[in-house]
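>>> Any chance you can model this:
(4 chains)
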Number of protein chains: 4
Amino acid sequence: MNHETQPTLKQRLFTIIFYADTPAGKAFDVALIVCILGSVLVVMFDSVKAINQAYDPWLSGFEWFFTILFSLEYLTRIYCSPEPRKYIFSFYGIVDLLSIIPTYLSLFVLNVDYLMVIRLFRVMRLFRILRLSKFVSQANLLVYAVRQSRHKITVFMFSVVVLVTIFGSIMYMIEGPHNGYTSIPRSIYWAIVTMTTVGYGDISPKTDLGQAVAALVMMMGYGILAVPTGIFTAELANAMRNNQVERPCSHCGKKQHEESARYCNACGHSLSD
Amino acid sequence: MNHETQPTLKQRLFTIIFYADTPAGKAFDVALIVCILGSVLVVMFDSVKAINQAYDPWLSGFEWFFTILFSLEYLTRIYCSPEPRKYIFSFYGIVDLLSIIPTYLSLFVLNVDYLMVIRLFRVMRLFRILRLSKFVSQANLLVYAVRQSRHKITVFMFSVVVLVTIFGSIMYMIEGPHNGYTSIPRSIYWAIVTMTTVGYGDISPKTDLGQAVAALVMMMGYGILAVPTGIFTAELANAMRNNQVERPCSHCGKKQHEESARYCNACGHSLSD
Amino acid sequence: MNHETQPTLKQRLFTIIFYADTPAGKAFDVALIVCILGSVLVVMFDSVKAINQAYDPWLSGFEWFFTILFSLEYLTRIYCSPEPRKYIFSFYGIVDLLSIIPTYLSLFVLNVDYLMVIRLFRVMRLFRILRLSKFVSQANLLVYAVRQSRHKITVFMFSVVVLVTIFGSIMYMIEGPHNGYTSIPRSIYWAIVTMTTVGYGDISPKTDLGQAVAALVMMMGYGILAVPTGIFTAELANAMRNNQVERPCSHCGKKQHEESARYCNACGHSLSD
Amino acid sequence: MNHETQPTLKQRLFTIIFYADTPAGKAFDVALIVCILGSVLVVMFDSVKAINQAYDPWLSGFEWFFTILFSLEYLTRIYCSPEPRKYIFSFYGIVDLLSIIPTYLSLFVLNVDYLMVIRLFRVMRLFRILRLSKFVSQANLLVYAVRQSRHKITVFMFSVVVLVTIFGSIMYMIEGPHNGYTSIPRSIYWAIVTMTTVGYGDISPKTDLGQAVAALVMMMGYGILAVPTGIFTAELANAMRNNQVERPCSHCGKKQHEESARYCNACGHSLSD
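Have a look, this model is predicted:
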């Protein structure tokens, strides 16, 4: 038996980088979060003209420092992963890659480095790794409710798209280009601004008929806001009430059962075995 | 027995156009969706000045191509329908007709052809025909909840109309025409913009008293948004809970079971007895 | 026995005006609704400058016609009511009076006649009288849910008032009069515009710190919108679920019981007696 | 036995100031609320230029009068509290101190005295003291539901922060400084204004691509408003339903009964056995 074998460097790196069970792994993950947030702050400051003019060399230096750090980390992840291919094409593998590309691209294309703020998504993974368990279980509940609602939400969103297209075209005909409704796509933009109750006011109806139609769009937007809220609330309440717990039936394997169930409702086998 | 009889052309057309059970019928419906979306895109591009000036002949050509196509389809539907009258006066028969009229009308009335975007409604029918069943059942649930809420929503909408009329008139008296509140209808438009929390800012109160009343309207609009949401959510939750169908267990008597359950989850007895 | 006695004029008027059970009563109520809506439309048109200039004598004539009609109706109600005093000081008695006063007042005070749109409230009563029963029972359910929520809503509204006062004062200090925040009351107005997500943009923060605080106010407004919605939804769902029907216990008199209850849960007496 | 002993001045003051059980205590608390609201009104009026110029000496006088009153009250609270240290470092002890500091500070720093509106928080405590019990129990229910939701809300808020940062950066790249998106922080401010559906319109997209991205942000903001509402509603409904306490009937076994029920409403057996 080789359970006394010293783990290889690769194995130790894997444990440190991909898990947070050991003190070293936890320290690594906390340091990573700090670096991610730090690099995002750097790029934010870099976009503020006054700060940029005063401290540009410093900010550029920091940006490259963090990017090279993340590049090394990315390569190490590939190196120590038991299945590098699987990691590279996983969701987080792609996010890790996309987080470092913009800075390199900015050597050729101006301003593209701001895109690297997508590395904020990495923080989400780290939350999961750090097992902030209460948050994770609650996040799972939310994700479950969202997933349950997806068909209803799709139906709803499709209806909204149809409505804003139709109302956008109608307003284009009523108000016309001289009132700011310069094209149907722009009128659809107005319809979305109005129906979601954002209401910038950069485009707004001037004619009496246009204002009447706009009032109708507003009332609809105000009313149908109830629909996604209703869908999500009902699904979430359902998920919370049922507490459809994970209690796999030993006989037929059905996983989800009501918390109070004593027999599997798919095969009739006792759940207490 | 005449089950060997070859179906007539009319019958075959009917199956292809009105149903999507056969490969030909499915292909027809998919082609139709593509044509509808294509024709809507064409009219959108046509409204953008730069594109219009460069490609007007092409866009007009496409618009007439699609319109003639839909006209032929409409006539074929009437021809092959077993009860043409019933089809013509059905909801979708009217939508089909309204989808082609605007283009013909545009020969006489300027710009009226944009109205043909209502052919987007046709896509909805096609969804149903294509039996995207998960979406359809969810859509039905939403429609059911909306229909259940309709009396409550009507009461609510009537109250909102009374409120915006009264607050519009009050603001007309307080702010007056020189602050943008040029008439009671326009002040009602403002009240709707405010109560639905859209808030363009094209008309906004200038006087202290006007701002105080506006603040009141906002608080009301913010608060009563709860009402349609509450109504719809409660109805939807109700509709979803009822999926817990009444199927009393013959052994222990437990009444509510999941629709898909085959065994009572309280005593393990089969539910099919 | 006097059941053969002919009802007096007073009694017949009372039945016609205050109830809608007889054909005459129903006709009276429908005519009244038409008059109310007509008179509101007249005052709306009167406020539109172009219409006013062209048809002023006609509009004034109509306004006085309706007002005198409603005045006669009001006097008749007092005359034929068995307890005139009770009617005069009832909610609807006061609304009836307030509906006619503005037109008479407009002889002395300019523009005050627009206030008579409050006669729209009278339509609400007529709905009740006409026993549009489905709407009335649903309206009652809504009113019941609102009444159940009133303590929670009061607590919520008080918190909102405290928050907008504090944030308004903070923004007054940060942005100051030269950025549009000319006084604390006006800054509170801004805070209400922002927290209710109306967002006119007539006053908006210019400084970095001001925008950061504004972002905080928006996030709070966006988040706490959940509170009144949650309160109302939960109460409505409760009211709908319990269907706490009116089934007075014959023994102890407790009125509200669950629909499925077989025994009074206050005294244990059977409810089927 | 010393139950006849006269309470000391300190003890009597303590009862009056910290409780509202005695007539004197109640009178004290009501007077305090009046003073708090009065002093907040004074500072509001003081910020209105016209009023300030006309009545400055009076307003300053009132402000100092109230501040000295509250200072004396604060010292008395410390004096008569059995455990002064505990009071000073309690939440309300700190609020009491912060309520008087700004006025003294305004001797050295301009305009800082407006901060004293935080003394409005003191009114909240007084509500509790005055035992407006219905409001307090409802407030507790709300606080309970908020507390139950806090993990879910945190997850949600974190996602929103990530989204506005990413969309803010994207819009900064698309629209650029000449369209008002002068820096990433300001673009994030725009993203918050848009996603919360406030929509001032002080910054709004001008380019086609920018408007398309903005439309996406609006749809997201409109849709995800459902999430906090759903979370809070589900938790509140849960909290309210639980009022249906677990009190199994000893006779028929029905478990859930209303908190106030004295007899089982399924079999009529007394619940007090």
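
>>> Can you show me the strands along chain A?
Per DSSP state E, chain A carries strands over the ranges A:245-246, A:256-257.

>>> Least confident of those strands, on average?
For these, mean pLDDT drops lowest on strand A:245-246, to a mean of 54.

>>> neighbours of residue A:75, just the number please.
Neighbours of residue A:75 under the rule other C-beta atoms under 10 Å in any protein chain shown: 10. C-beta coordinates here come from the backbone N, C-alpha and C atoms, glycine included.

>>> whoops, I mixed them up, residue A:148
18.

>>> Which single residue in chain A comes nearest to chain C?
Chain C sits closest to residue A:201 of chain A, with a gap of 6.0 Å, by C-beta to the nearest C-beta.

>>> Show the contacting residues for that residue.
For residue A:201, the contact set (C-beta atoms under 8 Å, 6 or more residues apart in numbering or on different chains) comprises B:199-202, C:200-201, D:199, D:201.

>>> let's see 7 Å
When contacts are counted by C-beta atoms under 7 Å, 6 or more residues apart in numbering or on different chains, residue A:201 is found next to B:200-202, C:201, D:201.

>>> and if you look at residue A:69?
residue A:35.

>>> Ok, residue A:13 next?
A:76, A:80.

>>> any idea how far it lies from residue C:194?
The gap separating residue A:13 from residue C:194 is 50 Å, by C-beta to C-beta, to the nearest Å.

>>> Repeat that for residue A:249.
Distance from residue A:249 to residue C:194, by C-beta to C-beta: 53 Å.

>>> Looking at these two, which one has more neighbours?
More crowded of residue A:249 and residue C:194, by other C-beta under 10 Å: residue C:194, with 31 against 21.

>>> so what pLDDT did that one get?
pLDDT recorded at residue C:194 is 93.

>>> Hmm, residue C:218 and it touching each other?
Yes. Between residue C:194 and residue C:218 there is a contact at 6.0 Å, judged by C-beta atoms under 7 Å.

>>> Overlap of the contact sets of these two?
Shared contacts of residue C:194 and residue C:218 (C-beta under 7 Å, 6+ apart): residue D:198.

>>> Spell out the residue ranges of the helices in chain A.
A:9-18, A:23-47, A:49-80, A:84-88, A:91-105, A:120-129, A:133-175, A:184-195, A:208-224, A:226-242 (DSSP state H).

>>> Tell me which of the ones you listed sits nearest to residue B:177.
Among the helices of chain A, the nearest to residue B:177 by C-beta to C-beta is helix A:208-224 (15.0 Å).

>>> For chain A, which residues are neighbours of chain C?
A:199, A:201, A:233 (C-beta under 7 Å from any C-beta of the partner chain).

>>> is it possible to export the residues you listed to JSON lines including pLDDT?
Listed next are the residues of chain A next to chain C as JSON lines, based on pLDDT from 0 to 100:
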{"residue": "A:199", "pLDDT": "89"}
{"residue": "A:201", "pLDDT": "88"}
{"residue": "A:233", "pLDDT": "84"}
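
>>> ok, so of these, who is nearest residue B:82?
residue A:233 (44.9 Å).

>>> residues contacting the closest one?
Contacts for residue A:233 (C-beta under 7 Å, 6+ apart) come out as B:233, C:233, D:229-230, D:233-234.

>>> Please name the nearest non-neighbouring residue to it.
Using C-beta to C-beta, 6 or more residues apart in numbering or on different chains and skipping residues adjacent in sequence, the residue nearest residue A:233 is residue D:230, 3.9 Å away.

>>> tally of neighbours for the residue nearest to residue A:203 when sequence neighbours are not counted?
Of all residues beyond its chain neighbours, the one nearest residue A:203 is residue A:180 (4.2 Å), with distances taken as C-beta to C-beta, 6+ apart. Using other C-beta under 10 Å, residue A:180 is surrounded by 15 other residues.

>>> Near chain D, which residues of the stretch 151-273 of chain A are found?
Counting by C-beta under 7 Å from any C-beta, the residues of the stretch 151-273 of chain A near chain D are A:189, A:192-193, A:196-202, A:225, A:228-229, A:232-233, A:236-237, A:240.

>>> Residue C:114 is nearest to which of the helices of chain A?
helix A:208-224 (18.8 Å).

>>> Just the C-alpha atoms of that closest one, please, in PDB.
C-alpha atoms of helix A:208-224 as PDB (Å, rounded to 0.1, in the frame of the first residue of the first chain):
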ATOM      1  CA  ASP A 208     -51.300  63.900 -28.000                       C
ATOM      2  CA  LEU A 209     -51.900  60.500 -29.600                       C
ATOM      3  CA  GLY A 210     -48.300  59.500 -28.900                       C
ATOM      4  CA  GLN A 211     -48.700  60.400 -25.300                       C
ATOM      5  CA  ALA A 212     -51.900  58.400 -25.100                       C
ATOM      6  CA  VAL A 213     -50.200  55.300 -26.600                       C
ATOM      7  CA  ALA A 214     -47.200  55.900 -24.300                       C
ATOM      8  CA  ALA A 215     -49.600  56.000 -21.300                       C
ATOM      9  CA  LEU A 216     -50.900  52.600 -22.400                       C
ATOM     10  CA  VAL A 217     -47.400  51.200 -22.700                       C
ATOM     11  CA  MET A 218     -46.600  52.400 -19.200                       C
ATOM     12  CA  MET A 219     -49.700  50.900 -17.700                       C
ATOM     13  CA  MET A 220     -48.900  47.600 -19.400                       C
ATOM     14  CA  GLY A 221     -45.300  47.800 -18.200                       C
ATOM     15  CA  TYR A 222     -46.400  48.600 -14.700                       C
ATOM     16  CA  GLY A 223     -48.900  45.800 -14.700                       C
ATOM     17  CA  ILE A 224     -46.900  43.000 -16.400                       C
END
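
>>> what's in contact with that helix?
A:167, A:170-171, A:174-175, A:191, A:194-197, A:205, B:189, B:192-193, B:196, B:198, B:225, B:228.

>>> lowest average confidence, helix or strand, in chain A?
strand A:245-246 (a mean of 54; mean pLDDT, DSSP states H and E).

>>> Could you list the low-confidence segments of chain A?
For chain A, applying pLDDT under 70 flags the ranges A:1-5, A:124-138, A:241-248, A:253-269, A:271-273.

>>> okay, which residue is most central for it?
residue A:121 (7.0 Å; C-alpha atoms, centre = their mean).

>>> give the contact list for that residue.
A:95, D:162.

>>> Could you list the buried residues of stretch A:213-223?
A:213-215, A:217-223 (16 or more other C-beta atoms under 10 Å in any protein chain shown).

>>> between those residues, which is nearest chain D?
So of the buried residues of stretch A:213-223, ranked by how close each gets to chain D (C-beta to the nearest C-beta), first place is residue A:221, at 8.0 Å.

>>> what about the closest one, distance to residue B:150?
Distance from residue A:221 to residue B:150, by C-beta to C-beta: 18 Å.

>>> do the same with residue A:164
Computed as C-beta to C-beta, the residue A:164 to residue B:150 distance reads 23 Å.

>>> do the same with residue A:99
To residue B:150, residue A:99 is 50 Å away according to C-beta to C-beta.

>>> One more: residue A:171?
In this view, residue A:171 and residue B:150 are 27 Å apart by C-beta to C-beta.

>>> Tell me which of the two has more neighbours.
Regarding residue A:171 and residue B:150, a neighbour count based on other C-beta under 10 Å identifies residue A:171 as having more, with 27 against 13.

>>> pretty sure the more buried one is touching residue A:186, no?
No. Counting by C-beta under 7 Å, residue A:171 sits too far from residue A:186 to count as a contact (9.9 Å).

>>> my guess is the residue nearest to residue A:233 meets residue A:232, correct?
Yes. Counting by C-beta under 7 Å, residue D:230 does reach residue A:232; the two are 4.1 Å apart.

>>> What is the burial count for the nearest residue in space to residue A:88 that is not next to it in sequence?
Once flanking residues are discounted, residue A:88 sits nearest to residue A:78: 6.5 Å by C-beta to C-beta, 6+ apart. Close neighbours of residue A:78, defined as other C-beta under 10 Å, add up to 15.
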